[in-house]
Structures are given as structure tokens and as C-alpha cells.
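1. This is a predicted model, with the sequence first.
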Amino acid sequence: MPKKTKIVPVPFTIRRYSRHQYFVERLKVLGLFDKDSDYSGMIGEAVKELSAVFAKQGHSGQSAEITVQVFNQLMKEWREKPQGSFSSAKVRA
């Protein structure tokens, strides 16, 4: 059974980094790269990779929030729909 993700306070020094650097440091602090973490550290690596792509896209605060909301909505729909089904309903961020 995967171990539970621990909640660790944010150290003040981490706040000076770019968003991507912050994410990577937070993933380290949370232990998500550790071999005994959920999926043997793969979750940390996956989030790090997503963060790098997100940083490369150059999102501002506003576009970042909208992008994450739309992505999360699509993931939720994907989990809830039978494979192969598709709806033309518009997604509202």
C-alpha cells in the first residue's frame, strides 16, 4: 500500500524561486521523489515534468489557473466517462 503524502510547512526560503523551482523543491520536501513514496517516486517525477512543460509555456498567474482548471475538468470527465464516449458540451473554466 502506498504511504500517505505528508503535509510539510513551506519554508520561507523556498518562496524566492521560480514556480518550477518551487514545485521541484516542494516535491523533494514532501518526499515524492523517494523510492518509498507513492508509486516509488514516479509521481514526483511526473509532476516535475508537467511543471517544466507548464513553465516553458510561459503562463501568467491568470492563465495558469485557467489552464489547470480546464486540465482538471478534462481529467475528471475522462475518469467518469466510459472509454470511447465523447460529449460536445463546452467546458467552462
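-> That came through fine. All values derive from a computational prediction rather than experimental measurement. Numbers count the residues shown, from 1 in each chain.
2. Give me the pLDDT for residue 82.
-> Note for residue 82: predicted pLDDT of 73.
3. where in the chain is pLDDT low?
-> The chain contains residues with pLDDT under 70 at 1-17, 83-93.
4. Now with 50, please.
-> Along the chain, the model assigns pLDDT under 50 to residues 12, 14.
5. Tell me where it has helices.
-> 19-29, 42-57, 61-80 (DSSP state H).
6. just the ones you listed: most buried one?
-> Compared across the helices of the chain, helix 19-29 shows the largest average neighbour count, a mean of 16 (mean count of other C-beta atoms under 10 Å). (Each C-beta comes from the backbone N, C-alpha and C, glycine too.)
7. which other helices and strands contact that one?
-> Using 3 or more C-beta pairs under 8 Å, 6 or more residues apart in numbering; DSSP states H and E, the elements in contact with helix 19-29 are helix 42-57.
8. just the angle between the helix it packs on and helix 19-29, please?
-> Angle, helix 42-57 to helix 19-29, by axes from the mean of the first three to the mean of the last three C-alpha atoms, to 10 degrees: 170 degrees.
9. which helices and strands does helix 42-57 pack with?
-> helix 19-29, helix 61-80.
10. Rebuild those helices as TSV, extending it with distance to residue 47.
-> Output for these, formatted as TSV (distance: least, C-beta to C-beta, whole Å):
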stretch	distance to residue 47
helix 19-29	6
helix 61-80	12
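11. picking that back up, so which of the helices of the chain comes closest to residue 35?
-> Among the helices of the chain, the nearest to residue 35 by C-beta to C-beta is helix 42-57 (10.0 Å).
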